[in-house]
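Visitor: Fold the stuff below for me.
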Amino acid sequence: MKRFISAILVTIIALISLSGCLGKGGDYVAEIGNTKISRGEFMVYLIEQKKNFEEQGGSDIWEADFDGVSAIEVAKQNALDSITMVKSAVKQTDSLGIKLDEKDISDIDNQTKSLMSEFSSEELTELSLDELWRLFPITLTAHQDYWTDWYKEEAELLKERLPCIERISHIGSTAIKEIWAKPTIDILVEIPREEKVVNLKGTIERCGYICMAENDSRIDFNKGYTLQGFAERVFHLHLCYEGDNDELYFRDYLQANTAIAKEYERLKLDLWKQYEHDRNMYTSHKGDFVKQYTQKGKLLFTGRYDNK
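Guide: Next comes the predicted model:
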């Protein structure tokens, strides 16, 4: 009996080891009683729930609800319940007198490696934007000079892989010195209108990017969102046709007007705490400000980007 329980314990500890590999210390998404749930743990169990749900009901399962509760909320709660149960089981092993021998420890290592191979960054593409933003909250930090170097290095890689680029630009708040920003490098890639953005999608994905949204004229990608959390370097890439570049005028206006840049910083800092896990609302509430100073930038810098 103890051997059977020990075998179960090996699997449980392997799952916890995997969760530890995927999580960041002190980065918690929930707390149940005295049990803290790390983002890494939640990712492992949520993805497993997603697989189970879709095996039973197909991809349409997410349109259903259960006694008035959406399928995704049920899946999230199931994930939290599973984590709590597993942690409780581990705590009880000492009272049962169960000890792990060298073979058990070896089995844990092997199972952990096997599980890690199953949970690649490709799993992120299976999550909705809402799930992603909750798992990767908004964070603002003071400006770092090395962000410019990160942009330049990434731009060189993209220009090498995408020879048809008309213009590549560092945009967003990390391109504006002296204001706080999300530590994410935003890159605008403009291509000739005779090219098709969709034809470049695969090439960009092979550079390590994940497609997050697309339409006929623009595709948005990210890079650095992993099951381990944010990578050291995180990028958002916006692929569009030449001339679809309002972001450049907004950037230039703030670079030329420190007082307006600081006003933007104050707005972002205020919205950060309100919408830490809701990027849609965070972005939406900046909309009027961005629109106002983009128009001012276009008036001030008329014709600046008519040519490369």
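Visitor: Strands of the stretch 101-250 of the chain, start to end?
Guide: 167-171, 185-191, 210-214, 218-226, 229-241 (DSSP state E, counting those that start in this stretch).
Visitor: strands paired with the first one, and their directions?
Guide: To tie it back to what came earlier, the one meant is strand 167-171. strand 185-191 (antiparallel) (DSSP bridges).
Visitor: Now the strand it pairs with: average pLDDT?
Guide: Regarding strand 185-191, the rounded mean pLDDT is 98.
Visitor: Show me the chain divided up by domain.
Guide: In terms of domains, the chain is parsed into 2-119, 146-300 (source: automatic domain parsing).
Visitor: of those, which approaches Leu140 most closely?
Guide: The closest of the domains of the chain to Leu140 is domain 146-300. By C-beta to C-beta, the value is 4.6 Å. C-beta: built from backbone N, CA, C; applies to glycine.
Visitor: quick one: least confident helix or strand in this structure?
Guide: Least confident helix or strand, the chain: helix 2-22 with a mean of 45, by mean pLDDT, DSSP states H and E.
Visitor: Which residues does stretch 280-300 contact?
Guide: 129, 133, 138, 246-254, 256, 260, 263-264, 267-268, 271-272, 274-275 (C-beta atoms under 8 Å, 6 or more residues apart in numbering).
Visitor: who's in contact with Thr184?
Guide: Gly172, Thr174, Gly224, Val234, Phe235, His236.
Visitor: Most neighbours among those, which one is it?
Guide: Thr174 (23 neighbours; other C-beta atoms under 10 Å).
Visitor: just checking, that residue touches Trp180?
Guide: No. Applying C-beta atoms under 8 Å, one finds Thr174 not in contact with Trp180, separated by 10.1 Å.
Visitor: anything in contact with each of these two?
Guide: Joint contacts of Thr174 and Trp180 (C-beta under 8 Å, 6+ apart) are His143.
Visitor: Low-confidence stretches in the stretch 201-308 of the chain?
Guide: Flagging of the stretch 201-308 of the chain using pLDDT under 70 yields the residue ranges 227-228, 307-308.
Visitor: thinking again about what came up before, which one of the strands of the stretch 101-250 of the chain lies nearest to Asp65?
Guide: Using C-beta to C-beta, the strands of the stretch 101-250 of the chain put strand 210-214 closest to Asp65, at 25.6 Å.
Visitor: Check the contacts of Thr184 and tell me the two furthest apart.
Guide: Farthest pair in those, by C-beta to C-beta: Gly172 and Gly224, 14.2 Å.
Visitor: burial count for Asp186?
Guide: 21.
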